[in-house]
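# Here is my input; please provide its structure:
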Amino acid sequence: MKHIYLDHAATTPMDPLVVEAMYPIFEKVFGNPSSVHSFGRKARQHLDEARRVMAGSIHANEKEIIFTSGGTEADNLALIGTAMANKHKGNHIIITEQEHHATLHTAQYLEHEGFELTYLPVYEDGKISIQDLQNALTDNTILVSVMFVNNETGIIQPIEEVGLVLKDHQAYFHTDAVQAFGLLDIQVRDLNIDLLTVSSHKINGPKGMGFLFADENVKLNALQYGGEQERKRRAGTENVPGVVGFQKAVELAIQYKDKRNNEYQGYKQLFLDVLKHEGIVFEINGNLEETVPAIVNISFPGTNVETLLTNFDLDGIAASSGSACTAGSVEPSHVLTAMFGENNTCTTNSIRFSFGLYNTTENVEEAAERVTKIIKRLTS
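Purely as a prediction, here's the structure:
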């Protein structure tokens, strides 16, 4: 049985060209980028070039890119670093109920530290309301965090509109763009974004790498202490091989963005067409027309997440859910709960399928056929 991977929103396979770019760095470039001798300068050149590529990908300045260990650290730095550096201006922070836990749990930590948090609701289409944001803003608001694309539903949030609302407000605007980067055009100046998070392993790069864009006007406290790397904003010797791999992944994402979008949209439509053709009863969570091509979240009435994922895995299908599965129980997805309410059955019967580099037309069709057989068996 051939295993089929439909969980690219969780992590992606490394592109062979990324591996190829990293190998000589592991082998020959071992200098510390902070060292002034030739070995250090050689490492620094790779770091500087990667930073230029990252900045160019979002139309920022290279001085505004902070390399991190991934999206989680970048989100933590954006929220805690900004909150602590600006608490003299206010203590109010706004986020949404459907944020990734890297943001949600960080916000909850800040709440325990005395900051006032407002959690914007999301509606059945998976989006926030700009009116809700406007109503929540106060003179004490110092930070607003709205993720660009939700990791469970693939829904694209109204980022441009959020930026316009905050343009003349003191609050900084942070967006977790982990699921958006590489699929959507992102120009931080045009969108009035002050802070933006990107993760390498979601775009076929190495794990353990990410970056935070922080506009040069953002006051930001470091979270860790040591050397003066990353312009004193993130201490620790930089991971040069990881940075080079991340750079290559970004270059490929930019070069093939349109091609990948078309392919992933085709895979998603094919997957849904097979389910419909086979008479499977299902509902799509959120407005399908406002999702990125790579992600679809599907509710299968009469089933439950734990049984679905177990049967999918036994039949060689890798997919996932926002639900936290433990033996004998399922914790409902916080994203779907925010959209539909606590008692809605879709919070415990929905699966996220996400498409990417490991997919072909043939294996997506095969996966859909296997899924239909499982659904029919479980609901018969």
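# and residue 12, helix, strand or coil?
Per DSSP: H, G, I helix; E, B strand; the rest coil, the local secondary structure of residue 12 is coil.
# Surely it is in contact with residue 207?
No: using Cβ atoms under 8 Å, residue 12 makes no contact with residue 207, being 9.7 Å away. Yep, even glycine has a C-beta here, placed from its N, CA and C like the rest.
# More neighbours: the two, which one.
More crowded of residue 12 and residue 207, by other Cβ atoms under 10 Å: residue 12, with 24 against 16.
# How many residues are close by residue 3?
Other residues close to residue 3 by other Cβ under 10 Å number 12.
# Now it: closest residue in space that isn't a chain neighbour?
Using Cβ to Cβ, 6 or more residues apart in numbering and skipping residues adjacent in sequence, the residue nearest residue 3 is residue 316, 4.3 Å away.
# I'd say the one you found and residue 2 touch.
Yes: Residue 316 is within contact range of residue 2, at 6.4 Å (criterion: Cβ under 8 Å).
# out of the two, which sits in the busier spot?
Using other Cβ under 10 Å as the criterion, residue 316 and residue 2 rank with residue 316 on top: 15 against 7.
# okay, the more buried one: pLDDT?
On the pLDDT scale, residue 316 is placed at 97.
# Could you measure from it over to residue 9?
19 Å (Cβ to Cβ, to the nearest Å).
# all helices of the protein, in order?
Taking DSSP state H, the helices of the chain run over residues 16-28, 38-57, 71-76, 82-85, 101-112, 130-136, 159-166, 229-232, 240-255, 257-277, 305-314, 334-340, 361-379.
# for the first one, the distance to its chain's centre please.
Once both centres are worked out by Cα atoms, centre = their mean, to the nearest Å, helix 16-28 turns out to sit 25 Å from its chain's centre.
# Which positions in that helix come out as buried?
Of all the residues in helix 16-28, those buried under the rule 16 or more other Cβ atoms under 10 Å are 18, 21-22, 25.
# Go through those and name the one nearest residue 348.
Closest approach to residue 348 among those (Cβ to Cβ): residue 18, at 36.8 Å.
# Residue 249 is in contact with the closest one, correct?
Yes: counting by Cβ under 8 Å, residue 18 does reach residue 249; the two are 5.1 Å apart.
# who touches both of those two?
Both residue 18 and residue 249 are contacted by 204-206, under the criterion Cβ atoms under 8 Å, 6 or more residues apart in numbering.
# Can you turn the buried part of the residues you listed into a ChimeraX selection?
Those of those that count as buried under 16+ other Cβ under 10 Å are selected in ChimeraX with:
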select :204,205,206
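# As CSV, the shared contacts of residue 18 and residue 249 with distance to residue 292 would be great.
Output for the shared contacts of residue 18 and residue 249, formatted as CSV (distance: Cβ to Cβ, whole Å):
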residue, distance to residue 292
204, 15
205, 18
206, 22
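# ok, so of the shared contacts of residue 18 and residue 249, who is nearest residue 52?
residue 205 (16.5 Å).
# Return the distance of the closest residue in space to the closest one that isn't next to it in sequence relative to residue 164.
Spatial nearest neighbour of residue 205, excluding adjacent residues (Cβ to Cβ, 6+ apart): residue 249 at 3.1 Å. Residue 249 sits 31 Å away from residue 164, going by Cβ to Cβ.
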